[in-house]
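Chemist: Generate coordinates for the sequence data below:
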Amino acid sequence: MPALWIAHVTVTDDEAYGKYAKLAGPAIAKHGGAFIARGGRFVQLEGKERPRNVVARFPSVEAAETCYHSPEYQEALNHARGASERELLIVEITE
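Modeler: Numbers count the residues shown, from 1 in each chain. Prediction:
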């Protein structure tokens, strides 16, 4: 079943996070991920507000998790650490 990778982010260092974003996109695509929302308009109804919200669709939970642990994504993530506060989760789509 397909899955969504959902990230809620507060960027604290634009330059470093920009390096993350430049590398993360190709890593996500390599693992079958496609962005369906990336930093667009949102309405916070509950919980902690993060100004940047990203959703990518993957073929499966396993594909999304493999992407996260891949060397390409981990290289990107090195730039996000210390440059952002974020939550990231993967949820299976039950159609």
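Chemist: going forward, measure contacts and count neighbours with C-alpha atoms only.
Modeler: OK.
Chemist: May I see the buried residues of the longest helix along the chain?
Modeler: In the chain, with assignment by DSSP state H, the single longest helix is helix 14-30. Neighbour-count burial for helix 14-30 flags A16, Y17, G18, Y20, L23, A24, G25, P26, A27, I28 (criterion: 16 or more other CA atoms under 10 Å).
Chemist: ditto for stretch 67-77
Modeler: Residues C67, Y68, E72, Y73, Q74, A76, L77 are the ones in stretch 67-77 that count as buried (16+ other CA under 10 Å).
Chemist: okay, it in PDB with CA atoms only?
Modeler: Extracted C-alpha coordinates of stretch 67-77, given in PDB (Å, rounded to 0.1, in the frame of the first residue of the first chain):
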ATOM      1  CA  CYS A  67      14.800   6.200   1.700                       C
ATOM      2  CA  TYR A  68      15.200   7.700   5.100                       C
ATOM      3  CA  HIS A  69      18.000   5.200   6.000                       C
ATOM      4  CA  SER A  70      19.700   5.500   2.600                       C
ATOM      5  CA  PRO A  71      23.200   7.000   2.300                       C
ATOM      6  CA  GLU A  72      21.800   9.700   0.000                       C
ATOM      7  CA  TYR A  73      19.100  10.900   2.400                       C
ATOM      8  CA  GLN A  74      21.400  10.600   5.400                       C
ATOM      9  CA  GLU A  75      23.900  12.900   3.600                       C
ATOM     10  CA  ALA A  76      21.100  15.400   3.100                       C
ATOM     11  CA  LEU A  77      19.900  15.000   6.700                       C
END
